[in-house]
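Asks: no sequence on hand, only this structure:
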Ligand code: G3I
């Protein structure tokens, strides 16, 4: 059996260091390498990520199942128990018994809980299937409000809307009774969820989005539009129900969404058993690990016998609960590390004024420029700052912002800040200091009062 990659990596580092005579630099690199962890959750946590599983309330009495669950995973998603048909079986009558069992299982194990899913054209209760127009819209928004309120403060991330885009080449919306209430039904759902639980991350979740294709691009355009108009969206879920391979641009697709300023998550991973299963699992894990805003991975079940894909054996544990080769592949990829997830941004309060952009100073060689976009509300704002390299690459940057008196920075992400009021300087963190010529990166901060009105200055190093 091969040794875990972490140990192989150490040997390579020491050998190359000796060859170069750079013993000191190498020993620093080795000392900063985290120890290999022996479970999925613990190894993901080393880089600030989670590794989760979809679980079913009906299986929580199975000791083999819960043994693996509590040992390996630090996030859970209810496979069916928080869906519309489960939580509101008749209109206005809400049942949370099984959803609460999943929630409590997760919280008692110190796990994150992903809520799945507030609105989905599938598994609509029959009473909702027979509604249309404003009656359906009102019922849907009431459902979002009630369920998100019941779980307020306890859910890490909600799949607010699931699978609303069509398959095929058009990149447009899927027809459904929800879609027929008006194209704005998705943003209405996100706004209602945000009002009910301002601290939950709010995700759009879909499948067949595993590379740059018409469907993922349709979703990308929606997210970009939402961000530009201040619709409170925080994350995009990529279900990743995979066959025997993944597109070569899987990671690039995650990255383009992350570059819009949302987290990305692998939400329902399973891979058909076959010669490639272990390597596909490894590739997906490495892709997430390589994207700073890929905050975690969830597999859609624990043992092969728990999967909805009967007969395909698509999970990490066999029917008896033994670890498969795919498990080892994932664990090694997690332990190999990657950029640490940036700190959680503040809540995405809906703006009361439209986003504004400051003018951008044209960058010159060896320099950088910065522009700021504000989402403001009464008493506060979030600022997204775009840092752009000039005609030469930048190896580090510092952006200085002048805040109006009385205001203060309360938190920042993708940058470190010095000072909280008056003149505040934000510097790159380890993973975003290098910007290629003409390229850009983004950081953000949240503040009280009103946001900066002048264009920030940027200093390259
Ligand atoms: O609970 C009833 C049981 O009482 C009844 O005897 C039995 C008879 O068929 O059905 C049981 O309900 C089933 C339920 O799973 C619980 O096992 C439903 O028929 C069945 O349709 C349902 O399937 C779920 C499916 O979503 C529904 O579309 C799967 O478990 C679940 O894994 C699957 O998950 C979806 C995600 O939510 C969204 N993305 C795709 C993913 C896979 O389809």
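Replies: Done, it's in. These numbers come from a predicted model, not from an experiment.

Asks: pick out the residue of the chain closest to the ligand.
Replies: For the chain and the ligand, the shortest gap (C-beta to the nearest ligand atom) falls at residue 308, measuring 3.7 Å. C-beta: built from backbone N, CA, C; applies to glycine.

Asks: so residue 368 sits against residue 395, correct?
Replies: No - counting by C-beta atoms under 8 Å, no contact exists between residue 368 and residue 395, whose distance comes to 10.6 Å.

Asks: the more surrounded of the two?
Replies: Comparing residue 368 with residue 395 by other C-beta atoms under 10 Å, the one with more neighbours is residue 368, at 25 against 12.

Asks: how near is that one to residue 435?
Replies: Look at residue 368 and residue 435: by C-beta to C-beta, to the nearest Å, they are 7 Å apart.

Asks: mutual contacts of the two, please.
Replies: Residues touching both residue 368 and residue 435 (C-beta atoms under 8 Å, 6 or more residues apart in numbering) are 387-389, 394, 397.

Asks: contacting residues around the host helix or strand of residue 257?
Replies: Assessed by DSSP states H and E, residue 257 sits inside helix 250-258. Helix 250-258 is contacted from outside by 209-212, 216, 220, 223, 236, 238, 247, 264, 283-284, 286-288, 290-294, using C-beta under 8 Å, 6+ apart.

Asks: just the ones of these in strands?
Replies: With strands taken from DSSP state E, the overlap with the contacts of helix 250-258 comprises 236, 238, 264, 294.

Asks: most neighbours among those, which one?
Replies: Among these, where neighbours are counted by other C-beta under 10 Å, the top count belongs to residue 238, at 28 neighbours.

Asks: how about the secondary structure of residue 406?
Replies: Put simply, residue 406 is coil when judged by DSSP: H, G, I helix; E, B strand; the rest coil.

Asks: I figured it hits residue 447, correct?
Replies: No - contact criterion C-beta under 8 Å: residue 406 and residue 447 do not qualify, at 10.5 Å.

Asks: what's around residue 211, how many residues?
Replies: 17.

Asks: nearest spatial neighbour of it, skipping sequence neighbours?
Replies: Counting by C-beta to C-beta, 6 or more residues apart in numbering, residue 247 is the residue found nearest to residue 211 once chain neighbours are left out, at 3.0 Å.

Asks: tell me who's in contact with that neighbour.
Replies: Per C-beta under 8 Å, 6+ apart, neighbours of residue 247: 210-213, 253.

Asks: so which of the residues you listed is the closest to residue 243?
Replies: For residue 243, the closest of the contacts of residue 247 turns out to be residue 210, at 9.8 Å, with distances computed as C-beta to C-beta.

Asks: I'd say that closest one and residue 249 touch.
Replies: No - under the criterion of C-beta under 8 Å, residue 210 is not in contact with residue 249, lying 9.0 Å apart.

Asks: quick one, which of these two is more surrounded?
Replies: Here residue 210 and residue 249 are set side by side on neighbour count (other C-beta under 10 Å), and the busier one is residue 210, at 24 against 16.

Asks: and the more buried one, what pLDDT?
Replies: Turning to residue 210, the model gives it a pLDDT of 97.

Asks: got phi/psi on the closest residue to residue 449 other than its chain neighbours?
Replies: Spatial nearest neighbour of residue 449, excluding adjacent residues (C-beta to C-beta, 6+ apart): residue 407 at 2.8 Å. When quoted as degrees, to the nearest 10, the phi and psi of residue 407 stand at phi -100, psi 160.

Asks: quick one, what contacts residue 407?
Replies: When contacts are taken as C-beta under 8 Å, 6+ apart, residue 407 is in contact with 421, 447-451.

Asks: repeat the analysis, applying 7 Å as the threshold.
Replies: With contacts defined as C-beta atoms under 7 Å, 6 or more residues apart in numbering, residue 407 is in contact with 421, 447-450.

Asks: surely residue 119 is within a strand?
Replies: Yes - according to three-state DSSP, residue 119 belongs to a strand.

Asks: all strands for the stretch 301-450 of the chain, in order.
Replies: With DSSP state E, counting those that start in this stretch as the criterion, the stretch 301-450 of the chain has strands at 356-357, 368-377, 380-389, 397-402, 408-413, 416-418, 423-427, 440-448.

Asks: actually the stretch 51-200 of the chain, sorry about that
Replies: In order along the chain, the stretch 51-200 of the chain carries the following strands (DSSP E, counting those that start in this stretch): 75-78, 112-120, 157-162.

Asks: burial measure for residue 172, as a count.
Replies: Residue 172: 14 neighbours (other C-beta under 10 Å).

Asks: give the contact list for it.
Replies: The contact partners of residue 172, taken as C-beta under 7 Å, 6+ apart, are 166, 218.

Asks: count of residues packed around the spatially closest residue to residue 196 that is not a sequence neighbour?
Replies: Once its chain neighbours are removed from consideration, residue 196 has its nearest residue in residue 148; the separation is 3.6 Å (C-beta to C-beta, 6+ apart). Other residues lying near residue 148 total 24 when counted by other C-beta under 10 Å.

Asks: which bits of this structure sit near the ligand?
Replies: If contacts are counted using C-beta under 6 Å from any ligand atom, the residues of the chain sitting beside the ligand are 79-80, 122-123, 162, 207, 239, 268, 308.

Asks: doesn't residue 249 make contact with residue 211?
Replies: Yes - taking contact to mean C-beta atoms under 7 Å, the distance of 4.7 Å between residue 211 and residue 249 places them in contact.

Asks: packing partners for the helix ranked longest in the chain?
Replies: With DSSP state H setting the assignment, residue counts place helix 133-150 as the longest helix in the chain. Helices and strands touching helix 133-150, by 3 or more C-beta pairs under 7 Å, 6 or more residues apart in numbering; DSSP states H and E, are strand 112-120, helix 185-196.

Asks: direction included, what does the helix or strand containing residue 203 pair against?
Replies: Here residue 203 is covered by strand 201-206, with elements defined by DSSP H and E. On the basis of DSSP bridges, the sheet neighbours of strand 201-206 come out as strand 157-162 (parallel), strand 235-238 (parallel).

Asks: out of those, deepest packed?
Replies: strand 157-162 (a mean of 28; mean count of other C-beta atoms under 10 Å).
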